[in-house]
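[1] When you get a sec, could you give me coordinates for this:
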Amino acid sequence: MKKRLVSLLAMATMTATMFAGCGSSETASTEEAAAPASTEEIDAEAEAVELPEDTGKVLNIYCWNDEWQTRVKDFYPGYEEVDATHGKIGDVEVVWNITPSTDNAYQNNLDEALIAQPDAAADDKVDLFLVEADYALKYVDEDVTMPLSDLGITSDVLSDQYTYTQSIVTDSNGKLKGSSWQACSAGLIYNREAAKEVLGTDDPEEVQAAVADWDKYNETAKKVADAGYTMCSVNDTYRTYANNVSGQWVQDGKLVIDPNVDKWVDDSMALIEAGAEDTDDLWSDDWAKGKRPEGKVFCYFGPAWFFNFCLDADQDGTIANQGGWGYCEGPQSYYWGGTWVCAATGTDNANLVKDIIVTMTTDKGVLKDIATTYADCVNSKEVLSELASSDEGNLDLLGGQNPYEQLAAGAETVDLSNLSKYDQGCTEEFQKAMKNYFTGNATKDEALDMFKTAVHEKYPDVSVD
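    Below is the predicted model:
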């Protein structure tokens, strides 16, 4: 394990975004690999587990922001806050190791800690760490993550979760190696006042009809531009196209640009030329102007975490603060993001780690509290069904609209068959290269060449010809 992680960290030093090869691919071909274990076999293993008594006096949790920390502080029974980076659960000290994701800093810091794990002092051992979908496979396919079955967690405990949230963190042996409290299906979040002005209505069903596919979306975008608005940034729509591709970025060792991603480029350029979309970078000040009415932005694309983290509902004068957003599915169903909780191999607090994972990602009371407190879309079919059928699911920032039926339906349709270890790197390099085209600094062919060069530098084993 340590040797493989050292190799992965070396790769990270050379590249801004780090993905590692699947551990099994280093030692065996697909034909030679053993068949994945069945659910019944894994459950039998889990039922036979007898965890050793916890000996750790410190529980080290690695994450990149305070989202998970806030949920644990608010809803994990018995958690006591000490300060911004410390807490207590019983007589165990909780240490939050928070490193922002900027410039890959979080992964680099985590990797260093995991490399040191076998020889680390008891108080320094990593116990829990978080991963995102774009790079989950890097950790899931390595020994640094414990199968949940090794903690004695059986499939029935996790049976109310959405399938896709488990697929992301299942290794090549069929072992589930993480769990999430979130289900991040996503849609189109539109400015109600703009919709009334441009479409004559802000009703979600009628707005959905105006953006039901990309042809209708592009027609509506031009109407939006004629009315003096910008539809959104081209980067807002990228994941919707990219989540609906027909194949992986790399196939048989060769880079493949999917037709749906290529369509994103052509559609985006047409809307830029029509003045209907702009090229603002996600999270930039210019991109954020649409949070306020004077920004004249028609929509954003995002999941439920977008409601809470991105729309500034607590700030006077924002559209969200005035209950001015609406929600619909948009041109294609898709998902964006999510956070998974993984148990670190070598933890000396396995019982506590197990209880935190089970409580925070499967307890329906806790999940409902998270949803109603933070407008989150939680990873429970039963809880989302309850929210969809009651006023508890009505959101003030959406003008009282209840989005949970749509979010739940979207979570059922997420398809991860084309997820791969190359997603984060290829996505970032593709968007970076295409911005040169969108801003007139390169032709499309030149931008594609820039992308291929960047991919080859990042992944030398991938053919880009």
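[2] alpha carbons only for contacts and neighbour counts from here, please
    OK.
[3] what about the strands in the stretch 201-350 of the chain?
    Using DSSP state E, counting those that start in this stretch, the strands of the stretch 201-350 of the chain run over 232-233, 250-251, 254-255, 277-278, 299-303, 325-328, 334-335, 339-343.
[4] Could you provide those in JSON lines, with additional columns for mean neighbour count, distance to Ile98 and mean pLDDT?
    What follows is the strands of the stretch 201-350 of the chain, written out as JSON lines (neighbours: other C-alpha atoms under 10 Å; distance: least, C-alpha to C-alpha, whole Å; pLDDT from 0 to 100):
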{"stretch": "strand 232-233", "mean neighbour count": "24", "distance to Ile98": "30", "mean pLDDT": "98"}
{"stretch": "strand 250-251", "mean neighbour count": "15", "distance to Ile98": "32", "mean pLDDT": "97"}
{"stretch": "strand 254-255", "mean neighbour count": "16", "distance to Ile98": "34", "mean pLDDT": "98"}
{"stretch": "strand 277-278", "mean neighbour count": "25", "distance to Ile98": "33", "mean pLDDT": "98"}
{"stretch": "strand 299-303", "mean neighbour count": "24", "distance to Ile98": "24", "mean pLDDT": "97"}
{"stretch": "strand 325-328", "mean neighbour count": "27", "distance to Ile98": "32", "mean pLDDT": "98"}
{"stretch": "strand 334-335", "mean neighbour count": "24", "distance to Ile98": "25", "mean pLDDT": "92"}
{"stretch": "strand 339-343", "mean neighbour count": "26", "distance to Ile98": "14", "mean pLDDT": "98"}
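[5] how about these, which one is nearest Ala120?
    Taking C-alpha to C-alpha, strand 339-343 is the member of those nearest to Ala120, at 16.1 Å.
[6] Show the secondary-structure elements that the closest one is packed against.
    Judged by 3 or more C-alpha pairs under 8 Å, 6 or more residues apart in numbering; DSSP states H and E, strand 339-343 is in contact with strand 126-132.
[7] how near is Met146 to Gly346?
    Separation of Met146 from Gly346 (C-alpha to C-alpha, to the nearest Å): 9 Å.
[8] picking up where we left off before, could I get the strands of the stretch 201-350 of the chain in a markdown table, plus columns for distance to Asp396?
    Output for the strands of the stretch 201-350 of the chain, formatted as a markdown table (distance: least, C-alpha to C-alpha, whole Å):
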| stretch | distance to Asp396 |
| --- | --- |
| strand 232-233 | 23 |
| strand 250-251 | 43 |
| strand 254-255 | 45 |
| strand 277-278 | 28 |
| strand 299-303 | 16 |
| strand 325-328 | 9 |
| strand 334-335 | 23 |
| strand 339-343 | 25 |
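[9] mind listing what the residue nearest the centre of the chain touches?
    Closest to where the C-alpha atoms of the chain average out (C-alpha atoms, centre = their mean) is Gly337, at 1.3 Å. Neighbour list for Gly337: Glu132, Ala133, Asp134, Cys184 [criterion: C-alpha atoms under 8 Å, 6 or more residues apart in numbering].
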